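# Fold the following.
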Amino acid sequence: MATTTLMRRSDESRSVRSGVLTMAASNQYSAQQNKGANVILKTNQLRVYYGNQLTIKNVSASFLENRVTALIGPSGCGKSTFLRSLNRMNDEIPGCRVEGEIIYRGINLNDPQANVFDIRKRIGMVFQRPNPFAKSIFENVAFGPKHHGVKNKQLLEEIVEKSLRKAALWDEVKDRLHRSALALSGGQQQRLCIARALAMEPDVLLLDEPASALDPVSTGKVEELIGELKKDYTVVIVTHNMQQAARISDYTAFFYMGEIVEFGETTQIFTNPQKQQTEDYITGNFG
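Numbers count the residues shown, from 1 in each chain. The predicted structure is shown next:
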């Protein structure tokens with residue numbers, strides 16, 4: 001029995017690796033285009049504490065402009081905590097303390113004098129579960145610009161249409177903009193949340209498992225959208241789905257126990273990992 005189980009697991013591991021490698025290989029051309037791209041955002045020796053517990057341990061990482069970086073790793077390894085640090089969302093968590101540097105276009109966002117509202121305008125975030133406001137589709141997208149002083153009706157209409165088009169949602173909702181956003185499907189709600197973030201014209205978009213609560217068809221639409229978004233934005237995405245990371249990302253960072261074990265081009269991470277721990281994780285032999 002034990003021998004049969006071990007053989008089955010070995011076969012499954014090879015199958016997982018084969019599937020992921022095929023997807024990663026399809027990204028080879030994309031990875032080759034990364035050379036010469038600018039670093040738009042980086043962390044230097046970033047540490048995050050919950051009370052006295054050190055959760056993120058001296059993480060230094062760089063994110064290239066107009067590229068997709070996937071953060072992978074087991075549950076509880078610090079991926080989402082690290083992601084939330086990049087636009088100071090951890091400030092909202094009582095007892096959370098962040099040390100080290102978060103450098104965006106040469107400015108340390110972790111400086112106490114940094115304007116948090118401006119940071120979140122430039123570095124937008126979309127969460128795991130769709131969270132549209134109990135407002136109309138139009139008011140959801142217009143919310144941020146209105147909050148930041150845009151009052152002109154025509155300008156707001158232009159912003160809403162542009163953002164919904166970029167989120168690949170305009171054609172589906174253009175005839176019901178003033179109906180409740182809560183009537184949309186889960187996948188549409190998630191794309192609406194992406195449009196809401198895009199309405200602020202960010203440079204960077206942080207996505208925390210944006211497709212984990214969606215059906216396969218909606219997941220495919222979100223993945224296709226991410227591929228389009230990187231033409232104009234830098235995207236950092238947390239995902240538990242290694243196949244998804246291989247499909248959509250240019251770079252991949254493997255997190256474990258609050259540290260980055262390995263960070264490199266997605267093709268390299270999935271086809272020629274430098275660390276045994278990375279190899280074990282992507283082949284399913286982890287733990």
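# Against Glu157, how distant is Lys174?
11 Å (CB to CB, to the nearest Å). Yep, even glycine has a C-beta here, placed from its N, CA and C like the rest.
# Oh, that last question was meant for Ser85, not what I typed.
Applying CB to CB, the value for Ser85 to Glu157 is 35 Å.
# So the two - more neighbours on which side?
Taking other CB atoms under 10 Å, Ser85 and Glu157 do not tie; Ser85 has more neighbours (26 against 13).
# Would you agree the more buried one is in contact with Ile102?
Yes. Counting by CB atoms under 8 Å, Ser85 touches Ile102, with 6.5 Å between them.
# Which residues are in contact with each of the two?
43, 46 (CB atoms under 8 Å, 6 or more residues apart in numbering).
# Which residue is the nearest non-sequential neighbour of Leu54?
Sequence neighbours aside, Arg47 is the residue nearest to Leu54 in space, at 6.3 Å (criterion: CB to CB, 6 or more residues apart in numbering).
# Look up phi and psi at Ser124.
Just to correct that, residue 124 is Gly rather than Ser. phi -80, psi 160 (degrees, to the nearest 10).
# Identify the residue nearest Thr55 in space, chain neighbours excluded?
Val48 (4.9 Å).
# how many other residues sit next to His274?
Quick fix: residue 274 is Gln, not His. Gln274, neighbours per other CB under 10 Å, totals 12.
# How much space separates it from Leu198?
Distance from Gln274 to Leu198, by CB to CB: 36 Å.
# Just to check, Ser180 is in contact with Lys135?
Yes. Judged on CB under 8 Å, Ser180 makes contact with Lys135 at a distance of 7.5 Å.
# Beta-bridge partners for the residue most central in space within the chain, please?
Closest residue to the average C-alpha location of the chain: Ile237 at 1.9 Å, with CA atoms, centre = their mean. Listed beta-bridge partners, Ile237: Ala70, Leu207 (assigned using DSSP bridges).
# in the protein, which spans are helices?
Using DSSP state H, the helices of the chain run over 2-25, 28-32, 79-85, 116-122, 137-147, 153-166, 170-173, 186-198, 216-229, 242-248, 266-271, 276-282.
# Asn52: which of the ones you listed is closest?
Closest to Asn52 of the helices of the chain is helix 79-85 (CB to CB; 15.4 Å).
# May I see the buried residues of that closest one?
Buried residues in helix 79-85, counted by 16 or more other CB atoms under 10 Å: 79-85.
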